[in-house]
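Chemist: No sequence on hand, only this structure:
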């Protein structure tokens, strides 16, 4: 299998502190990779390094065979990598509709944006996205008046509208009720029909709902990789991460 | 279609109501100089230009979130371009020394016209320079400061430094700029040999103001405007959606400097002189105050504020010498208590009771 | 901007003597920069408040001295506590009434303090008129420290005692402030509040009181600076404007991480400035320095000597 996105020996440093100590990650086409690991394991930093939010100190990021290490964030986004941030990073002063419109796949140039018209096709596309995230009735509502969970969906909607080949999701269910979490899981599973997904998660129930392949990070390094089953039985993982949830995990399998 | 999506459709419709109201106001303003005296017509012309200058700042500050104290600089650069043209086209009789050289150059010992000023004798070149000089200057600054991690207050402090540095520079280059006095006693503006009357100038300025407002409205209502507002709220997020934020900033920055430059160019035939006073931070602050008081992100607000404040200043200065104090107090009150400005607050109240 | 730069003798050719004079000149600028920058190192460096009215607090200090000297004929040194207290009180009022309301909105703070700067200038102009006022330096610190003598016996290298006194008082205030900030409970609270406001609040620190005291202290230092430099040149409402740019540059150059950075900043700018002004004329020096400010902010907004942090 030729991976669509991969990192080779990826390293990130913050004034001497090594947040990532050489991580290799491979993401195949139409695959969901779930990243788990304790706080400070470097999960968000890994996604940050891929989209150039944090500078890569050493190592490489490849997308569709091209080296995209430390490229401009907007160029990486245009090439087809979308990112959802940990806390809903949406435009509170704009309406839900405008947030999605902003993210809509297409040209991003200055003159295009001046002359662009809201065509029927575009409108239908946005309505389709709003429908998928269940916020059609909130189209004209400013995002500031939405609940935390709804804001998470707005951002997921933005990523869907962006229609990237690779979707990077940082804790998409943080602050959601169990019902909302389940619905989010279904949205993510539907994404995989035509996207590759990399998701960071804490909620083990949710991980089991969506996961195909799990990567475990620990102290800036890859500790283990495999199916849900393999990870649950991996002694190293149990030791550093699942330890306190061991019984809990065992009970649910 | 659900009810909420109707709101979406409305967004792209032609605003007939707005066009009608604007049309009526435009006609009233066009008739005004026939009623008003020469002094008021001249004052109103100046205030319309100040209002347009404020709109140009509103585009970068109110919409994009870049607070600039350098818009007076762009205005004045346009002004100098026009002032050189008008100075160099004084009739021989009008020129103190009856030669091609402006008086201040003679006083400072220049014997011939510097090569970089000479072309401004021709109207088309001067007209282009009026826009191009401030726009290119702004573009170069923009390329330098917006393609970096620096933003927010640091950009504002850079604009303060630019204004301060250029003021000192223009004052020190007496032979070329006329120093502290600037370029004075310029000729009246004539186009194709026809001298433009005060009313003619007023109408030109009114047309320019209307055009800038209309274009700004169209621009801010487009997707482009949406992107500017996003940059203002969170410039990092939007880059992960594939937008090159720096390019958008540089574009609106340069465009707004160009508008400011034209306003400055039209200001000189009215004012009959241009000087470093308009380069200084104090004037840049005035522009910021017009926008703050009128309402950031409301295009008409800055124009109204400029006209209102200008009229008040006109009367207040007959009573008190301390107009600056009034301006400072106003700025403090607006920033601390009414951050939405006049028009912003009124429209909010109107929306709530509606 | 650097009008307080003692006039260099341009006619003398480049020599060891001229160089020494220039270096001493630089030292006296360093003293002034340090003194005027120290208050800003507190309000901007420690609290991260963009205070564009800093120069006006310097100006207020100078006017306090002028007032006390012209009415009670008070010695300049004796006016220092008064100018500290008065400017600190005004600073406290400003913090409570304006700065506090705009917490977390730096652009609004910048605008409001700019408005305040105009208001303070206007009010002082209203009370004292725009006329230049003069303040006398104490007689016992007059005269020059001199080295070498030429053929006629007149000194070739000289620096006034008063300028040395400025350097001295600046260093004393720097030491005092460092002590307060790093070795006292109040200082620890100040640093706690600026590093993690919510946490400090949870630990029972009265954050709003700490904010007020810190800002007032920074303004008080500006007032002292105003008093000390008032006798160098005339006192006038717009005098603070020039000091604002310099003070701000000093703090930014030095970096906002450590208080000692302000000393590094003052030294770097003071000496390089004396050099530029010596080689070129004043307006050009000013333009060059402002251009340097722009370039500095563009590449190192947090200062030259600041550690890179995780965003």
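Modeler: Right, received. Where do you want to start? This structure is a prediction, so every number in the text was calculated from the model and none was measured.
Chemist: So for residue C:160, what's the nearest residue that isn't a sequence neighbour?
Modeler: Of all residues not flanking residue C:160 in the chain, residue C:144 sits nearest, at 5.1 Å (CB to CB, 6 or more residues apart in numbering or on different chains). Bear in mind the C-beta positions are built from the backbone N, C-alpha and C, glycine included.
Chemist: What is the neighbour count of residue 56?
Modeler: Defaulting to chain A. 20 (other CB atoms under 10 Å in any protein chain shown).
Chemist: I was after chain C.
Modeler: Neighbourhood size, residue C:56 [other CB under 10 Å]: 31.
Chemist: now it: how far from chain B?
Modeler: 10 Å (CB to the nearest CB, to the nearest Å).
Chemist: For that residue, give me its contacts.
Modeler: Shown in contact with residue C:56 (CB atoms under 8 Å, 6 or more residues apart in numbering or on different chains): C:116-117, C:120-121, C:240.
Chemist: ok, now residue C:244?
Modeler: Applying CB under 8 Å, 6+ apart to residue C:244 gives the contacts C:52, C:54-55, C:117.
Chemist: Residue A:95 contacts residue A:146, correct?
Modeler: No. With contact defined as CB atoms under 8 Å, residue A:95 does not count as touching residue A:146 (10.3 Å).
Chemist: what about the two, which has more around it?
Modeler: More neighbours surround residue A:95 than the other of residue A:95 and residue A:146, with 22 against 19 (other CB under 10 Å).
Chemist: On the strand side of things, show who that one bridges to.
Modeler: For residue A:95, the beta-bridge partners under DSSP bridges are residue A:142.
Chemist: Read off the pLDDT value for the residue of the stretch 51-200 of chain B found nearest chain A.
Modeler: Chain A sits closest to residue B:147 of the stretch 51-200 of chain B, with a gap of 10.1 Å, by CB to the nearest CB. pLDDT for residue B:147: 91.
Chemist: Please, which helix or strand holds the nearest residue to it once chain neighbours are set aside?
Modeler: Spatial nearest neighbour of residue B:147, excluding adjacent residues (CB to CB, 6+ apart): residue B:246 at 4.7 Å. For residue B:246, the element it lies in under DSSP states H and E is helix B:245-271.
Chemist: what packs against the helix or strand following that helix?
Modeler: Using DSSP H and E, the helix or strand that follows helix B:245-271 in sequence is helix B:281-294. The contact analysis (3 or more CB pairs under 8 Å, 6 or more residues apart in numbering or on different chains; DSSP states H and E) places helix B:281-294 against helix B:38-58, helix B:71-88, helix B:153-172, helix B:300-319, helix B:323-337, helix B:341-353, helix C:106-128.
Chemist: now helix B:281-294: mean pLDDT?
Modeler: Mean pLDDT, helix B:281-294: 91.
Chemist: One more: stretch B:221-240?
Modeler: Mean per-residue pLDDT for stretch B:221-240: 92.
Chemist: Give me the residue at the spatial middle of the chain.
Modeler: No chain in the question, so chain A it is. residue A:169 (1.4 Å; CA atoms, centre = their mean).
Chemist: could you do chain B instead?
Modeler: Nearest to chain B centroid, counting by CA atoms, centre = their mean: residue B:53, 1.8 Å.
Chemist: near chain C, which residues of the stretch 51-200 of chain B?
Modeler: B:65, B:67, B:144-145, B:148-150, B:152-154, B:156-158, B:161-162, B:164-165, B:168-169, B:171-172 (CB under 8 Å from any CB of the partner chain).
Chemist: change it to 10 Å
Modeler: Within the stretch 51-200 of chain B, the positions adjacent to chain C are B:61, B:65-67, B:69, B:141, B:144-145, B:147-173 by CB under 10 Å from any CB of the partner chain.
Chemist: How about the residue nearest to the centre of chain B: what's its closest non-neighbour residue?
Modeler: With CB to CB, 6+ apart as the criterion, residue B:53 has its nearest non-adjacent residue at 4.6 Å, and that residue is residue B:263.
Chemist: check which helix or strand covers residue A:21.
Modeler: Using DSSP H and E, residue A:21 falls in strand A:17-27.
Chemist: partners of that strand in the sheet?
Modeler: When DSSP bridges is applied, strand A:17-27 pairs with strand A:5-14 (antiparallel).
Chemist: From the chain's centroid, how far away is the partner strand?
Modeler: With CA atoms, centre = their mean, to the nearest Å as the basis, strand A:5-14 stands 17 Å off its chain's centre.
Chemist: For residue A:39, the count of nearby residues, please.
Modeler: By the criterion of other CB under 10 Å, residue A:39 has 7 neighbours.
Chemist: ok, it touching residue A:171?
Modeler: No. Assessed by CB atoms under 10 Å, residue A:39 is found out of contact with residue A:171, at 11.4 Å.
Chemist: any residues in contact with both of the two?
Modeler: Shared contacts of residue A:39 and residue A:171 (CB atoms under 10 Å, 6 or more residues apart in numbering or on different chains): residue A:202.
Chemist: Please tell me how far the residue nearest to residue B:265 when sequence neighbours are not counted sits from residue B:189.
Modeler: Counting by CB to CB, 6+ apart, residue B:265 lies nearest to residue B:130, which is 3.6 Å off, once chain neighbours are set aside. To residue B:189, residue B:130 is 12 Å away according to CB to CB, to the nearest Å.
Chemist: Good, wrapping up.
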